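1. One predicted model, sequence on top.
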Amino acid sequence: MERLTEEGIIKELENLPGWKRLDEKWIERKYRFKNFLAGVNFVDQIAEYAEGKKHHPFISIDYKMVTLKISSWQAKGLTDLDFEMVKHFDELYEEAEK
Ligand SMILES: C[C@H](O)[C@H](O)[C@H]1CNC2=NC(N)=NC(=O)C2=N1
């Protein structure tokens, strides 16, 4: 998959509040949960989805906070697939927090 241009990345991020640029290759979002197990359950859903897509975010759980960061390392940058996936991560979060 093709790497997105700088303009393409900036445009995508405009519609994704919460996601921030770490550097030219990685974006990151921190999600807060009501309790530890809600965060772990979210990570479980992310893991299933990522495995299905064969595209894997880096994940860390810090008590009630889950941090996801993603890049397409084979493409050496950010791709449409990264953005398709982060939109789904945000949807899963909204469902989880209802
Ligand atoms: C061979 C395998 O499909 C690749 O190594 C996949 C696995 N998961 C991946 N995940 C992410 N985030 N980026 C990749 O480039 C990537 N490559």
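-> That came in fine, so what should we check first?

2. Now do the contacts for the closest residue to Leu68 other than its chain neighbours.
-> Residue nearest to Leu68 in three dimensions, not counting chain neighbours: Pro57, with 4.6 Å by CB to CB, 6 or more residues apart in numbering. Yep, even glycine has a C-beta here, placed from its N, CA and C like the rest. By CB atoms under 8 Å, 6 or more residues apart in numbering, the contact list for Pro57 reads 46, 50, 68-70, 85, 89.

3. Same question for Ile10.
-> With CB under 8 Å, 6+ apart, Ile10 has no contacts at all.

4. Now name the helix or strand holding it.
-> helix 6-14 (DSSP states H and E).

5. and that helix, how far out from the chain's middle?
-> Its chain's C-alpha centre and that of helix 6-14 lie 15 Å apart, by CA atoms, centre = their mean, to the nearest Å.

6. do the same with stretch 74-85
-> Stretch 74-85 sits 10 Å away from the centroid of its parent chain (CA atoms, centre = their mean).

7. C-alpha coordinates for that stretch, CSV please?
-> Taking Å, rounded to 0.1, in the frame of the first residue of the first chain, the C-alpha atoms of stretch 74-85 are listed here in CSV:
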residue,chain,number,x,y,z
GLN,A,74,6.4,-1.9,5.3
ALA,A,75,5.4,1.3,3.5
LYS,A,76,7.7,3.3,5.8
GLY,A,77,4.9,5.7,6.7
LEU,A,78,1.2,6.2,7.0
THR,A,79,-1.3,4.7,4.6
ASP,A,80,-5.1,4.6,4.0
LEU,A,81,-5.2,1.3,5.9
ASP,A,82,-3.8,3.0,9.0
PHE,A,83,-6.6,5.7,8.8
GLU,A,84,-9.3,3.1,8.0
MET,A,85,-8.2,1.2,11.2
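
8. anything in that stretch near the ligand?
-> Yes - using CB under 6 Å from any ligand atom, stretch 74-85 reaches the ligand at Gln74.
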